[in-house]
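Asker: Build me a model:
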Amino acid sequence: MEKLTQQEEEAMLAIWQVGPGFIKEFMDAMPEPKAPYTTVASTVKNLERKGFLKGERYANAIRYSAKVKETDYKKRFMSGFVNDYFQSSYKELVAFFAKDKKISAAELKEIIDLIEKPEDK
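Answerer: All right, here's what the predicted structure looks like:
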């Protein structure tokens, strides 16, 4: 699975949010400022070509749906990110955010609870 561009990721986030749908529906779910319709259509076509989407023709329109689950993409992306920037250490990742005061002690306790009791969450 290849890494998506920022534009492709924005489109996929909208597609995962909307579910199967048409380009106009995906555009409505995208944040401002919205790209032009033709740009989104081109991005969606690229995502289909890359295997992230499948298209199904309805009269003269195409309904797209995700072939890749959001959680699968996030797992793959985060693994690569941690490998590239934190020497494959999730501990280093958390320590980075803790040192930069981007994560609180309460949030760290929540993470510890998730690790210790994953079935409860």
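Asker: Give me the below-cutoff pLDDT ranges for this protein.
Answerer: Under the criterion pLDDT under 70, the flagged ranges of the chain are 1, 120-121.
Asker: mind listing the strands for it?
Answerer: Listed in chain order, the strands of the chain (DSSP state E) span residues 53-58, 61-66.
Asker: which residues are in contact with the first one?
Answerer: If I follow you right, that is strand 53-58. Around strand 53-58, the neighbours that count as contacts under CB atoms under 8 Å, 6 or more residues apart in numbering are Ile15, Val44, Leu47, Glu48, Ile62, Arg63, Tyr64, Ser65, Ala66, Lys67. Bear in mind the C-beta positions are built from the backbone N, C-alpha and C, glycine included.
Asker: how close does the residue of the chain most remote from its centre sit to Val40?
Answerer: Residue distances from the centre of the chain (CA atoms, centre = their mean) peak at Ala59, which lies 29.9 Å from the mean C-alpha position. Look at Ala59 and Val40: by CB to CB, to the nearest Å, they are 20 Å apart.
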